[in-house]
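> the sequence and its predicted three-dimensional model are supplied below.
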2 protein chains.
Amino acid sequence: MAPSPLQQVITELTPLLGERITVNDAIREQHAHGEGWMRAAMPGAVAFAASTAEVSAIVARCHAHRVPVVAFGAGTSVEGHVTPPPGALSLDLSRMTDIIAVNADDLDCRVEAGVTRQALNAQLRDMGLFFPVDPGGEATIGGMCATRASGTAAVRYGTMRENVLGLRAVMADGRVVDTGGRVRKSATGYDLTGLLVGSEGTLGIITEVQLRLHGIPETLAAAVCQFPTLEAAVATAVTIIQAGVPIGRLELMDEVQMHASIRYSRLEGYQDLPTLFLEFQGSPASVREQVALVEEIVTDNAGLGFTWSENSEERTRLWKARHAAYWATLGLRPGHYGLATDAIVPISALGELMLGVREDIRRSGLCAPMLGHVGDGNFHTLILVPPEDGGYERALELDRAIVRRALALGGSCSGEHGIGMGKIEFMEAEHGAPALDVMRAIKHALDPLGILNPGKMLPPVLS
Amino acid sequence: MAPSPLQQVITELTPLLGERITVNDAIREQHAHGEGWMRAAMPGAVAFAASTAEVSAIVARCHAHRVPVVAFGAGTSVEGHVTPPPGALSLDLSRMTDIIAVNADDLDCRVEAGVTRQALNAQLRDMGLFFPVDPGGEATIGGMCATRASGTAAVRYGTMRENVLGLRAVMADGRVVDTGGRVRKSATGYDLTGLLVGSEGTLGIITEVQLRLHGIPETLAAAVCQFPTLEAAVATAVTIIQAGVPIGRLELMDEVQMHASIRYSRLEGYQDLPTLFLEFQGSPASVREQVALVEEIVTDNAGLGFTWSENSEERTRLWKARHAAYWATLGLRPGHYGLATDAIVPISALGELMLGVREDIRRSGLCAPMLGHVGDGNFHTLILVPPEDGGYERALELDRAIVRRALALGGSCSGEHGIGMGKIEFMEAEHGAPALDVMRAIKHALDPLGILNPGKMLPPVLS
């Protein structure tokens, strides 16, 4: 019997990679899925690349044999981005961890794709700099680029879209392309950086990234405030944004999430009520001004017990609780697993959306706390999926209802988690057939054999 | 003799457009060139569109007959973007001037492509809002999108890249595509908005734009400071940026430019010395903080006579002088015309670049004041082209020397003016052959017949 295309790729790459290309079951199983996504499929093999040159060689061999390639970073995607199709090679970039250059004078740096945001920030801290994009997991910068990640600081600093200056990527045939550069702006040529950011490994495999950095603010203050109703909490958040307060973070947890987080993270002194977590940044005078303005808005909206603190221990405790919300929620229903929704709307529609979603949740009979980046108009519900027949379908139905509401209000089905396989059914409703056709034309032009992460992002054309 | 392709297009469109499609010489002459660009070629005809549907019909007919189409807004481009190839139709969008919606609560608006930034801001002022991107001319929003324009406020608010949320465009075959939307961020699909912004009419013709708006700051203060040397002025600007001051505007004029502007704009009390023009924005306390910090930096760099004022008359007078710099410079050498350069580098390299460029200017024997958006690392020289044989070639040689210096320092040949025809020779040096190939593949996928603004941005492939 002739060797399979993947077997040929393995044979051809073994002289280069040695044990770094493998069909070991445990390693393949690790590369079968991201987080929080139930469907999984093992890759046929896994290759660990140590350099752009190796990524290029690997992709070129896969191209020659038409073997699908799925880039893998830390595996923290929640929408099935890294789950391979049959016979695919999973290309693991997590060993590419060089921080190539930090240019403090220009507030930028260059890193390999496998550097995690935590590792980068650990290196930057002593220089008074930080990289602000903070999705929940210990994600790699390459994966964050590929999914256009954001997080709690996007309200002030933007997402990966705004914080990537340029990158290096391996295209479908193995060619290495450099895009963008180190300048703050440029009017020369198509924005290939922007095209690759958020392309989910379907147009090229990102191997190096030039990032914009920011100075650590002189003063940081955290505040918490609880509200009698969800309406009041959302109205407060919306007013803060509309008033133009340069807020550092602006997160909401509903009363169900607070119930879970108070217990999980031992947040004493709080009630099971809708709650805003805020962070103020700037000079001491600017922070005081922001706090005073926000306190006024809170009071107008019947907020309870607005407290703020520059104490870094208290701040850390609160944000740790925020970041642990996922685990706190899972603790509410042992044996259930979580399905995260990710709707986003223009901020003026956020109240209507969240109140509608609460109604959807009630009707579904499921437990699904709401929390999120309300300063961006973006929030998640973590739907707890009952471990019983039909449980997943009930959760999916709720997810779909939430997306339909968001789209009807001029929103998007994903603020930050991406499409992968999980949201692929909404692409046409959100973008329309003409825009999808343009996306498909670009995909076909840059990956005519369709080997780069096939089955992700772009829905198949139905004949 | 068979009618020409263009003649067939005119015949087919006349029932729809009536006198709005024309071969009138005066109108064709108006559409032969932008500003500040010497080469010109008349379009074969000009069509004035009143709606996206009309743009679609026009482009579809041109597609059917393979007639090149060049979009035309206000004609303020300085790199030859709007100059048509032989036999082309110039598609004028300047009559599409509807401000379709202003959503004050979401800080966004939707406009037709022919709305000028001045008309938009006149409408927004009473709502306490403004659109910050301010290229020199009375440009249209559509043209500003197509060239990824910026201006004096980009240091704080970013360029068109950061301020366009979505758009409507007519593709090469006449299909209408909507991209992006109204949300602040989204992780769904390729960033078609970003791809079209800066595509210079080569991928699609932008007909509607969704823009991000900003609240007019509570306090505005203008400051001016002169310096004994160019080095000191640049070092001050660089330090202000590196210190993280959220400066509103940060512009430099060298001593030659000041000489011209003092006389042209009657700026009394200033000397012919390198000068920084600054604007501070924010709350009163924040503005005072910024001013104090900047004054300290200025003093450290031997700045002379740092003065600032919240007086709006004084502020207007100074910024008017800045915006009139082009005309002031032309006044230095009657009979000469201007060739603007547009280099940009990472801010840490700005001093080296500007001192090198001053040396290039001296060697060239030409008069070429320097001024620009130094907060972004971007500046212009307006080379005064002598009206004599070889004058243009001397100016071009100086332009090329400046670009070579910028590229060698990790910069770009254009911060904001774009490529058009003027900078096309630098595309490969700046982006490299692989990235150019990717751009060409995208162009070919979306405009296989090559009818959209042919000959612009992408250099021809040499066989």
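On my side now, so go ahead. Because the structure is predicted, anything quoted here is derived from the model rather than measured.

> for the rest of this, base every contact and every neighbour count on C-alpha atoms.
Fine.

> now the helix or strand where residue A:320 lies, how far from the centre of its chain.
Assigned by DSSP states H and E, residue A:320 belongs to helix A:312-323. How far helix A:312-323 lies from its chain's middle: 20 Å, per C-alpha atoms, centre = their mean, to the nearest Å.

> could you pull out the buried residues of whatever helix or strand comes next after it?
Following helix A:312-323 in sequence order, the next helix or strand is helix A:325-330 (DSSP H and E). For helix A:325-330, the neighbour count (16 or more other C-alpha atoms under 10 Å in any protein chain shown) marks A:325, A:326, A:328, A:329, A:330 as buried.

> was I right to think the fourth one contacts residue A:371?
This means residue A:329. No: using C-alpha atoms under 8 Å, residue A:329 makes no contact with residue A:371, being 10.7 Å away.

> what lies in contact with stretch A:317-328?
A:136, A:257, A:260, A:261, A:263, A:264, A:265, A:267, A:277, A:382 (C-alpha atoms under 8 Å, 6 or more residues apart in numbering or on different chains).

> part of a helix, is residue A:441?
Yes: the assignment for residue A:441 is a helix, going by DSSP: H, G, I helix; E, B strand; the rest coil.

> identify the bridge partners of residue A:384.
Here residue A:384 sits in beta bridges with residue A:338, going by DSSP bridges.

> contacting residues for it?
Counting by C-alpha under 8 Å, 6+ apart, residue A:384 touches A:329, A:330, A:333, A:336, A:337, A:338, A:339, A:366, A:367, A:368, A:395.

> show me how to select, in ChimeraX, the buried members of those residues.
Selecting the buried subset of those in ChimeraX, with 16+ other C-alpha under 10 Å as the burial test, is done by:
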select /A:329,330,336,337,338,339,366,367,368,395
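
> closest one of the contacts of residue A:384 to chain B?
Chain B has its nearest neighbour among the contacts of residue A:384 in residue A:339, at 17.4 Å by C-alpha to the nearest C-alpha.

> and the residue nearest to that closest one when sequence neighbours are not counted, how far from chain B?
Distances taken as C-alpha to C-alpha, 6 or more residues apart in numbering or on different chains place residue A:383 nearest to residue A:339, at 5.0 Å, with adjacent residues excluded. Taking C-alpha to the nearest C-alpha, to the nearest Å as the measure, residue A:383 falls 20 Å from chain B.

> number of residues surrounding residue A:281?
For residue A:281, the tally of surrounding residues (other C-alpha atoms under 10 Å in any protein chain shown) stands at 22.

> list the buried ones in the worst-scoring helix or strand of chain A on mean pLDDT?
When each helix and strand of chain A is scored by mean pLDDT, DSSP states H and E, helix A:312-323 comes last, with a mean of 84. By 16+ other C-alpha under 10 Å, the buried positions in helix A:312-323 come out as A:315, A:318, A:319, A:321, A:322, A:323.

> who in the stretch 201-350 of chain A is up against chain B?
When proximity is defined as C-alpha under 8 Å from any C-alpha of the partner chain, the stretch 201-350 of chain A approaches chain B at A:215, A:242, A:244, A:285, A:286, A:344, A:345, A:346, A:347, A:348.

> show me how to select, in PyMOL, the buried members of those.
Here is the PyMOL command that picks out the buried ones among these, judged by 16+ other C-alpha under 10 Å:
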select buried, chain A and resi 215+242+286+344+345+346+347+348
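
> would you turn the residues of the stretch 201-350 of chain A next to chain B into a markdown table with secondary structure?
Compiled in a markdown table, these are given as follows (three-state DSSP):
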| residue | secondary structure |
| --- | --- |
| A:215 | strand |
| A:242 | helix |
| A:244 | coil |
| A:285 | helix |
| A:286 | helix |
| A:344 | strand |
| A:345 | coil |
| A:346 | coil |
| A:347 | helix |
| A:348 | helix |
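
> tell me the secondary structure for residue A:206?
Here residue A:206 is recorded as strand under three-state DSSP.

> tell me where the stretch 351-463 of chain A has helices.
Here the stretch 351-463 of chain A has its helices, by DSSP state H, counting those that start in this stretch, at A:391-408, A:427-431, A:433-446.

> buried residues, stretch A:292-299. List them.
For stretch A:292-299, a neighbour-count test (16+ other C-alpha under 10 Å) marks A:294, A:295, A:297, A:298 as buried.

> please disregard the earlier target; I meant stretch A:390-410.
Across stretch A:390-410, burial judged by 16+ other C-alpha under 10 Å covers A:392, A:394-396, A:398-400, A:402-407, A:409.

> is stretch A:432-440 in proximity to chain B?
Yes: Stretch A:432-440 lies within reach of chain B by C-alpha under 8 Å from any C-alpha, at A:432, A:434, A:435, A:438, A:439.

> check which residues of that stretch are buried.
For stretch A:432-440, by 16+ other C-alpha under 10 Å, it's A:434, A:435, A:436, A:437, A:438, A:439, A:440.

> give me the nearest residue to the fifth one, chain neighbours excluded.
Closest residue to residue A:438 apart from its sequence neighbours, by C-alpha to C-alpha, 6+ apart: residue B:446 at 7.2 Å.

> pretty sure the one you found contacts residue B:174?
No: between residue B:446 and residue B:174 there is no contact under C-alpha under 8 Å: 11.3 Å.

> and the strands in the stretch 101-250 of chain A?
A:108-112, A:129-130, A:164-171, A:176-180, A:204-212, A:214-215, A:219-226, A:249-253 (DSSP state E, counting those that start in this stretch).

> roughly how far out does the last one sit from the chain middle?
Right, the one you point to is strand A:249-253. Centre-to-centre, strand A:249-253 and its host chain are 16 Å apart (C-alpha atoms, centre = their mean).

> okay, now the sheet partners of it, with direction.
Assessed with DSSP bridges, strand A:249-253 is paired to strand A:275-282 (antiparallel), strand A:370-372 (antiparallel).

> ok, now the fourth one?
Based on DSSP bridges, the pairing partners of strand A:176-180 within the sheet are strand A:164-171 (antiparallel).

> contacting residues for the residue nearest in space to the middle of chain A?
The residue lying closest to the centre of chain A (C-alpha atoms, centre = their mean) is residue A:149, at 3.6 Å. Under the criterion of C-alpha under 8 Å, 6+ apart, the neighbours of residue A:149 are A:133, A:134, A:135, A:159, A:160, A:198, A:416, A:417, A:418, B:187.

> what pLDDT does the nearest residue to residue A:301 once chain neighbours are set aside get?
Setting aside the residues directly before and after it, residue A:301 is nearest to residue A:232 in space (C-alpha to C-alpha, 6+ apart), at 5.6 Å. According to the prediction, residue A:232 has pLDDT 97.

> this completes my enquiry, with thanks.
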